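Enquirer: Just the structure for this:
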Amino acid sequence: MTTDQTILLSILGMLLVLLVWGRWRYDIVALGALFTASLFGLVPQSDLFSGFGNPATITVVLVLIVSYGLTKSGAVDFLIPLIEPASRHPFLHISVLTFLAAVLSMFMNNVGALALLMPVAIQSASKAGRSPATVLMPLSFGSILGGLVTLIGTPPNILIASFRAEMVGESFGMFDFAPVGGGVALAGIVFMLLLGWRLVKVRKHSAGFELFDIEHYLFETRVVAESDLVGVRTGVLKDLLTDKKMDLIAMIRGDEQFAPPDRRRNIHQGDYLMLQGSHDDVQEFAVAHSLTLHTAMNQQKAFTHAANSSLAEVVVAAASPLVGKTPKEKRINRNYRVSLLAVSRSGTPHQSRLRQFEIRVGDVLLLHGEREALDEAIVKLNCYPLAERVFDAKDTSKSVPALLVFLVAIMVTATGLIPIQLALGLTTVIMAASQILPLREFYEGVDWPVVVLLGAMIPLGGALESTGTTEMLVASMLALVGELSPVLILAAILILTMTISDVLNNAATAILMTPISYNIAMSLDYNPDAFLMAVAVGASCAFLTPVGHQNNALIMGPGGYRFGDYWRMGLPLEVLIIVIATPMLLLVWPL
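Expert: From the prediction side, this is the model:
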């Protein structure tokens, strides 16, 4: 092993450790690894940012923009009315949701597909008297499986197609993934519908206002004439409350509600102050400042029916600026003009001392504020609302053109008339020019941390080749499995890729495993396409943990799931995929 190989493997080893640890976001970790490798001369400075211009990275960006355009225009909302009639029967309900998620994920970003269907799934399950936990895990897994079918369904497919184009001068086509990916997806969905959904752990709490029990920590107080707070600005009051681990959520004056109140607004006699905190803390504060403490009221009803304010449940996405931060650090109240009432993680509410609570992906937040400010905050915080969208079947001014433009792009790509990058690029331009996707929102659907991850990891993948590290790793693996039958070697590649993807981002998994599997196939004189397809299946099939795929993390809070719950349905699903995918790979892509 050379010095360069030792240094590169050390950098990649630390990269994997930090990614699994999750203390820092994966794009920052990947950039750190890239710059460190360049510092040691393993990645030439001329290639430092080559990953951002790679066709795979550009394709992912274009797919995300088009997916956002389809969602924004309402082109996929036509499918939503299919769900409500099926919600009366558990099997039919899960079937419709799972198949819809899979179909949407074939042609749009599967995180976007989940975000679109998740509120509908939660609301329809709740109306039917069932826990949303029964439908959210099949919904997430179905959206992941759907991405296996097409070239644009998931980033690993795009990366693998780009790698093949570099190696042999020809990329995989739009539906080249369909024979194996479609078979695996269909088998997985059938398993989930017949047995898998019954294995899901259902707890008492999941999504819904009842999860937060807000009447237990929000209290109404009234300012009387004797109170020393009369004439004091609300900013001063908020500072006093902060020192006592409490917060001011709203101030009500007559028919007006200020939520949250401006820090410069003076407090008057007769004002009602909505305080957040424990009963004992609020009671002690009320006595000290001559406030009349009312019993805990039904805040859900009061807030929901207020004239100018509302409540919203949202789930934190991976790209949210809140991830890894505390409400105190982000100053949610001041910067976004909304109040954070409570946080739920895996079905467990956290109401007290929220200012110091570190927020993670999948946490469910209960926000309160004026409706306009609330809508704006949800967008800026990059969170997904859990309330069902209003569907208007009459408004087709943008949805129908968006759908037609996208279908034309798929057809011309599938027939080989123009490359996928050009077809998607023209689609984004048409969407912007026709105002299907407003220019100011053109890049809002792009998951920039994933793009940066790809841009950083691709040059590192190149360093594996240039330093001979890939050849060394291939030789080591061949020493272990080289005497096995081709079937077992192919299955081993599939299993190894799936195992890595369960703890690592699927795009990073594909970048690491694609050159290794390709070189193993070439060394043994086997068809490399079979091995590349094995990586495509394995990299996307992450069902054992909430960290392997963004969708699994997003449903963790609304479904009330815990880390170990994913094994219950995920493990037999992955075993089934190995059993189904291995013979299909050999049949479709003979060695």
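Enquirer: which residues of this structure fall in strands?
Expert: 218-223, 247-253, 256-258, 272-276, 291-293, 309-316, 339-345, 348-350, 364-370, 383-385 (DSSP state E).
Enquirer: So for the lengthiest helix in the chain, what gets flagged as buried?
Expert: Once the chain is assigned using DSSP state H, the helix that runs over the most residues is helix 566-588. Going by neighbour count (16 or more other CB atoms under 10 Å), the buried part of helix 566-588 is 566, 568-570, 572-574, 576-578, 580-582, 584-586. The way it works is simple: take the backbone N, C-alpha and C, and place the C-beta from them, glycine included.
Enquirer: Tell me which helix or strand in the chain has the weakest average pLDDT.
Expert: helix 299-304 (a mean of 50; mean pLDDT, DSSP states H and E).
Enquirer: Please name the bridge partners of residue 274.
Expert: Beta-bridge partners recorded for residue 274 (DSSP bridges): residue 220, residue 250.
Enquirer: That one contacts residue 249, doesn't it?
Expert: Yes. Residue 274 lies in contact with residue 249 (CB atoms under 8 Å); the separation is 4.3 Å.
Enquirer: what do those two both touch?
Expert: Common neighbours of residue 274 and residue 249, using CB atoms under 8 Å, 6 or more residues apart in numbering, are 218, 259.
Enquirer: how close does residue 160 sit to residue 538?
Expert: 11 Å (CB to CB, to the nearest Å).
Enquirer: Wait, residue 363 touches residue 340, no?
Expert: No. Counting by CB under 8 Å, no contact exists between residue 363 and residue 340, whose distance comes to 10.7 Å.
Enquirer: The residue of the chain most remote from its centre: what's its closest spatial neighbour, skipping adjacent residues?
Expert: Farthest-out residue of the chain from its mean C-alpha position, per CA atoms, centre = their mean: residue 226, at 51.2 Å. In space, and not counting its chain neighbours, residue 226 is closest to residue 290: 4.5 Å by CB to CB, 6 or more residues apart in numbering.
Enquirer: Name the spans of the chain whose pLDDT lies under the cut-off.
Expert: 204-216, 295-308, 351-353, 388-396 (pLDDT under 70).
Enquirer: Which segments of it make up each domain?
Expert: Split into domains by automatic domain parsing, the chain comes to 3-206+443-588, 210-304, 309-385.
Enquirer: Output these as JSON lines; include the columns distance to residue 413.
Expert: Listed next are the domains of the chain as JSON lines, based on distance: least, CB to CB, whole Å:
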{"stretch": "domain 3-206+443-588", "distance to residue 413": "5"}
{"stretch": "domain 210-304", "distance to residue 413": "44"}
{"stretch": "domain 309-385", "distance to residue 413": "27"}
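Enquirer: Roughly how far does the closest residue to residue 314 other than its chain neighbours sit from residue 280?
Expert: Here the nearest residue to residue 314 in space, its sequence neighbours aside, is residue 383; by CB to CB, 6+ apart that works out to 3.8 Å. From residue 383 across to residue 280, the span is 32 Å (CB to CB).
Enquirer: ok, these two, which is more surrounded?
Expert: Set residue 383 next to residue 280 and count neighbours by other CB atoms under 10 Å: residue 383 wins out with 24 against 8.
Enquirer: In contact with that one, which residues?
Expert: Residues counted as contacts of residue 383 (CB under 8 Å, 6+ apart) are 314-317, 320, 322, 365.
Enquirer: Please apply the same query to residue 152.
Expert: 59, 63, 107, 158, 174, 420, 424.
Enquirer: Over to residue 38?
Expert: 44-45, 48.
Enquirer: any chance you could map the helices in the stretch 301-450 of the chain?
Expert: Counting by DSSP state H, counting those that start in this stretch, the stretch 301-450 of the chain has helices at residues 327-330, 332-336, 371-380, 399-414, 420-433, 448-466.
Enquirer: Quick check: which of these is buried the most?
Expert: helix 448-466 (a mean of 22; mean count of other CB atoms under 10 Å).
Enquirer: neighbouring contacts of that one?
Expert: By CB under 8 Å, 6+ apart, helix 448-466 touches 8, 11-12, 15, 25-27, 30-31, 33-34, 37, 42-43, 47-52, 54, 56-57, 60-61, 155, 159, 318-319, 469-470, 473, 505, 507-508, 511-512, 514-515.
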